[in-house]
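K.L.:
Task: produce atomic coordinates for the following.
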Amino acid sequence: MDSLSLKIEQYEGPLDLLLALISKHKVNIMDIPISKIAEQYIQYIDSMRVLNMEITSDFIAMAAELMLIKSKLLLPKQEGEEDPRQPLVDALLEHQRAVQAAVFLKKQSELYYDRFTKEPDAGDGIYIRLHAISLLQEAFLRITERNEENQPIVEEKLFKKIENERYFTVDEKIFSLLRMLVRRENYPFEEVFNGVKSKSELIAVFLAVLETVSKGRVGVIREKKQIYLTLIRDK
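P.N.:
Residues are numbered from 1 along each chain as shown. Predicted coordinates:
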């Protein structure tokens, strides 16, 4: 058995711990060696017990899930049967995207917090302010909260399979965003997310907005409680 050199610390959840183990062993997240990762995961849980660290139920549930996946992999695979690891892979990919977004947001907040500039609109004399990133974060938080409230109530699971989900790049969403702003001036911020079908796509769209705003390609206009995005054209 490999010794557990991973620093013993409190992870926010089992997916964070699994991502740390995957990174430590430099394995492909799309082809997780369940036996090795499960062994290290259980070893970490045992270390937490020895140190009297609090172990929440979701960590225990994940340990059981890993053992279940491991046992399924030992069985003969039926034709057309899905890889037992796939739901876990999907959950890890989505969580990884969310973690990366959180890191990006933290850096952007530190760079642009309360930093404002003005760009005049030659057309009607309205001043466009590149609002602090925190303003967009607050608006995005309201959108995600409303989106979660509108989701149908389903039986809670440790992680769910993401059916036929496509992962979008930020560059791809930047192109789509700029195309929208070329066609329509003063685009409502909330409408930028219309048609978004997954959490990962939602994050990709928001990162595209932050990237274009931080680089001065897109301006933010606030009128009363409504936020609009507008393309900053070269003079």
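K.L.:
gap between the spatially most central residue of the chain and residue 30?
P.N.:
Computing the C-alpha centroid of the chain and ranking residues by C-alpha atoms, centre = their mean puts residue 98 first, at 1.9 Å. Distance of residue 98 to residue 30, computed by C-beta to C-beta, to the nearest Å: 18 Å. (Each C-beta comes from the backbone N, C-alpha and C, glycine too.)
K.L.:
do the same with residue 171
P.N.:
In terms of C-beta to C-beta, residue 171 sits 21 Å off from residue 30.
K.L.:
and if you look at residue 210?
P.N.:
Taking C-beta to C-beta, one finds residue 210 at 27 Å from residue 30.
K.L.:
Compare these two (neighbour count), which wins?
P.N.:
Set residue 210 next to residue 30 and count neighbours by other C-beta atoms under 10 Å: residue 210 wins out with 22 against 11.
K.L.:
Please identify the buried residues of the lengthiest helix in the chain?
P.N.:
In the chain, with assignment by DSSP state H, the single longest helix is helix 86-112. Of the residues in helix 86-112, 87-97, 101, 104-105, 108, 112 count as buried by neighbour count, 16 or more other C-beta atoms under 10 Å.
K.L.:
Would you pull up how far it lies from the middle of the chain?
P.N.:
4 Å (C-alpha atoms, centre = their mean, to the nearest Å).
K.L.:
ok, which stretches of this structure are helices?
P.N.:
In the chain, the helices defined using DSSP H lie at 14-25, 34-50, 57-74, 86-112, 133-149, 170-183, 199-214.
K.L.:
Most tightly packed of these?
P.N.:
By mean neighbour count, with neighbours taken as mean count of other C-beta atoms under 10 Å, helix 199-214 ranks first of these at a mean of 21.
K.L.:
now the angle from it to helix 86-112?
P.N.:
Orientation of helix 199-214 against helix 86-112 (axes from the mean of the first three to the mean of the last three C-alpha atoms, to 10 degrees) gives an angle of 20 degrees.
K.L.:
Please state the offset of helix 199-214 from the chain centre?
P.N.:
Taking mean C-alpha positions (C-alpha atoms, centre = their mean), helix 199-214 and its chain are 10 Å apart.
K.L.:
Quick check: residue 28 vs residue 60, distance?
P.N.:
From residue 28 to residue 60 the distance is 27 Å (C-beta to C-beta).
K.L.:
Got the domain ranges for the chain?
P.N.:
Domains of the chain are assigned by automatic domain parsing as 14-74, 86-231.
K.L.:
Can you lay out those as TSV showing distance to residue 80 and mean pLDDT?
P.N.:
Formatted as TSV, the domains of the chain follow (distance: least, C-beta to C-beta, whole Å; pLDDT from 0 to 100):
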stretch	distance to residue 80	mean pLDDT
domain 14-74	15	86
domain 86-231	13	71
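K.L.:
re earlier: what's the longest helix of the chain packed up against?
P.N.:
On a contact count with 3 or more C-beta pairs under 8 Å, 6 or more residues apart in numbering; DSSP states H and E, helix 86-112 meets helix 14-25, helix 133-149, helix 199-214.
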